[in-house]
Structure formats: C-alpha cells, structure tokens
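In: My questions are about this predicted structure, shown below with the sequence.
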Amino acid sequence: MNADIIAADIANICAAHLPWQDLRGKTVLVTGGGGFLAAYLVGALCHANRMHQLGLRVVATVRSPESNLARLAGLSEKDGLSLFVQDASQVLAADFPRADFVIHSASHASPKYYGVDPVGTLAPNTVGTFALLRHAQNTGAERFMFFSSSEVYGAPIHAEQNLHETEFGTLDCLQVRSCYAESKRIAETMCAAWAQQHGLHTLVVRPFHTYGPGMALDDGRVFCDFVADILAGRNIILKSDGLAQRAFCYCADATLGFLTVLLRGGKAEAYNIANPQEEYAIRDLAKLLTELFPQKGLRVAFENKPASGAYLKSAVMRSRPCIKKIRALGWEPKTTVPDGFRRTIESFSSDNGGRAGV
C-alpha cells in the first residue's frame, strides 16, 4: 500500500457533515504542526479547504522545518498552508501570526521523554499555553482548542468505572512522570480561566491511545513497538504480563473528533476522544497483530526484563473512556483495531508511508 491510505482517511474526514463554512475566509493556527496527530489535522484542514472552497489559511508552527517536513510532505501554499518556526516552550516571536482558530497541540507525548526531559515535557503545556492564550485574547481569536490527554485522569479509583469528563483518580504530583499529566491539567485550568475572565471560547480535547499512519515507531509506547516489530519481521517480546488494558482509537477517527469539537464544542468544555468499543489487553493486542500477518510467522513471547530506564511506566492498569459527551455533538468512532492497525502497518510498508499530504 502507499499514501493512498492516508489520502482516503483524510477524504473521509472532509466528507463528514460538519459546519465547514464556519471556516470560510478564516485562519487556523496549529502548534506542533509536524507532530503525529497535528499533521493529520493539518492535512484534513488543507483538504477541506480545497474540497469546500473555503479560502482558508492554515498556519502550522514547527520547532524545526527540517525535522517536521516529512509528515507535511505534499502540502504547500496552494493548499493554504504556511509554516512558522516557533518553539512552544519559548517566548512567542514578535511577528507570531494572528489566527481566528488556535489549536495548541505542541507537546512531548511519549513516556520516553518524561524521565530524561521532564522540563521540556511540561514547558509547552504550561508557559506555552499561557503565551498562546494571551496571544489569542489580545488578537481577537474566535476559538482556542487545547490538546490535553487521558493522562489527566490519573489512576482511576475503581478500574471498572467509566471515565466521564468530570471524574478523576489519583495523581502524585511529586513523581517525575507526572510532568506530563500535571502540565496538561494546569493548561486545562488556564483554558477555563481565560474563558471565565476574558470570554475566550476555549475547548479541550482528551485523546486516548491514538494510533495510525505517521506515528513514530520509536515512540516508546508498546503499540508503536508492536508495529515496528511486525514491519521488521521480529517476534513481539513483552516485558510485562501484558494485562494492562487500553482503548485504542484510530487517528482518522480522532481527527474527525477534534474537528467536531473545534466547530461544535461548548465554551470551556472538555471532551474525551476515544473508542471504548476497541479495548484490548496489551498481550491480546500483540497476539492480534501477529495474526493479522500470518505469512510472517511471528509470535508473542514474554521476557522478565525491565524496560529502559528512560521509559517511565504508567501505574494505570485500565482506563475506560466514556464518550457520551462528544457523541452528543454527532461524533462516533468507526474503525476497529484489526482494520486500523492493518491500515497503519500497510501505510508504513510503502515509500510514502506516514505523510499527511494528499
């Protein structure tokens, strides 16, 4: 397969029944535009611009053009896209662009960074969010959407409980791994504060375990490792009992969820973006992926060996997302784990795998 997988995903997103005309003549700014989820979003916005003739301008901020262009390959100014170099953890440039819709997604998302770069992990979510909210306020932005995380819920008090947007478990703020979750939490509070004090229409999305074409195979999360193993023809080696359970959401479904919240979400509201129907124990996911490609003859094995010290493991054994709130906006995830991971693996099996440009 090739980049046609991503092209088909993005075409389906843009064919959805959303109020696309609300973006006519507007500017949408996406921070961390070369990141996995942001690149899919940028690709969808550029495709919608052409498909619905919106006259939309999309600005993607990147820390380094050289390291981010791969995921945005195929997109250009003719699609309405422009790049702006800005580190989200630093003071905004004097000429930082104004936008009608600001989407802040720039952040480390992999646990492999939490132990070795906790400051670099928390900074974009704290000082970066503060600077961007103030910029949005001062320049008259219509909406500001923050990419949070399911990690804000901490460890659920009851493993069987469904995580509604207002239910939270325990989180030790003095554990280094909390640099990610706690910084996401304060950023969400900032969004609520700006909505209350300055009237800015802020929105929060909380993605759960999102995967798909373009994700970093050296990300450190187990499902990324599994895909890398399948592509390399290696047996999957689990360094735990694999009993932790996660609900996996395909990135195209998640992207449509983000756009649904951006265009329909309520002021100062947070929304889970997840697929609770596709919950798997890690060991079952590993077994499923080997069975998707039986011709490779791969198997799952267990090894009593701790993971790298840089990777700080989550203490959460199970987090069950509730998506009733975003369902009320008209969004529903559709992609099963077998179909989504097959599409993901096949997309990486091509020269163009991982690009958002269509």
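Out: The structure has been received and is ready for your questions.

In: Reduced to three states, what does residue 131 come out as?
Out: Under DSSP: H, G, I helix; E, B strand; the rest coil, residue 131 falls in the helix class.

In: surely it meets residue 89?
Out: No - the pair residue 131 / residue 89 is not scored as a contact, 9.4 Å apart, by CB atoms under 8 Å. For every residue, glycine as well, the C-beta is placed using N, CA and C.

In: how about the strands in the stretch 151-300 of the chain?
Out: Applying DSSP state E, counting those that start in this stretch to the stretch 151-300 of the chain gives strands spanning 162-163, 201-207, 210-211, 236-238, 245-247, 249-250, 269-273, 279-281, 300-302.

In: Name the stretch among those that sits most buried.
Out: Among those, strand 249-250 has the highest mean neighbour count (mean count of other CB atoms under 10 Å), at a mean of 26.

In: can you give me how far that one is from the chain middle?
Out: Relative to its chain's centre, strand 249-250 lies at 10 Å (CA atoms, centre = their mean, to the nearest Å).

In: That strand packs against which elements?
Out: If you count contacts as 3 or more CB pairs under 8 Å, 6 or more residues apart in numbering; DSSP states H and E, strand 249-250 packs onto strand 210-211, helix 337-348.

In: Save the ones you listed as JSON lines, and put in distance to residue 265 and mean pLDDT too.
Out: Shown next, in JSON lines, are the helices and strands packed on strand 249-250 (distance: least, CB to CB, whole Å; pLDDT from 0 to 100):
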{"stretch": "strand 210-211", "distance to residue 265": "18", "mean pLDDT": "97"}
{"stretch": "helix 337-348", "distance to residue 265": "24", "mean pLDDT": "96"}
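
In: Those into JSON lines, with extra columns for distance to residue 3?
Out: Putting those into JSON lines (distance: least, CB to CB, whole Å) gives the following:
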{"stretch": "strand 210-211", "distance to residue 3": "18"}
{"stretch": "helix 337-348", "distance to residue 3": "8"}
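
In: Most tightly packed of the ones you listed?
Out: Greatest average neighbour count among these goes to strand 210-211 (a mean of 24), per mean count of other CB under 10 Å.

In: Given it, what are its sheet partners and their directions?
Out: Here strand 210-211 is paired, per DSSP bridges, with strand 249-250 (parallel).

In: what residues does the partner strand touch?
Out: By CB atoms under 8 Å, 6 or more residues apart in numbering, the residues outside strand 249-250 that reach it are 207-212, 273-275, 278, 333, 335, 339-340, 343-344.

In: got the contact list for residue 136?
Out: Counting by CB under 8 Å, 6+ apart, residue 136 touches 99, 102, 144, 194, 200.

In: how close does it sit to residue 202?
Out: To residue 202, residue 136 is 9 Å away according to CB to CB, to the nearest Å.

In: One more: residue 148?
Out: To residue 202, residue 148 is 11 Å away according to CB to CB.

In: Nearest to residue 61 among the strands of the stretch 151-300 of the chain would be which one?
Out: strand 201-207 (18.0 Å; CB to CB).

In: how far out from the middle of the chain is the closest one?
Out: Relative to the centre of its chain, strand 201-207 is centred 12 Å away, using CA atoms, centre = their mean.

In: For that strand, which outside residues touch it?
Out: With CB under 8 Å, 6+ apart as the test, strand 201-207 has contacts from 37, 133, 142-150, 152, 165, 188, 191-192, 194-195, 249, 254, 257-258, 261-262, 265-274.

In: Out of those residues, which end up buried?
Out: For those, a burial check counting by 16 or more other CB atoms under 10 Å picks out 37, 133, 143-150, 152, 165, 188, 191, 194-195, 249, 254, 257-258, 261-262, 265, 268-274.
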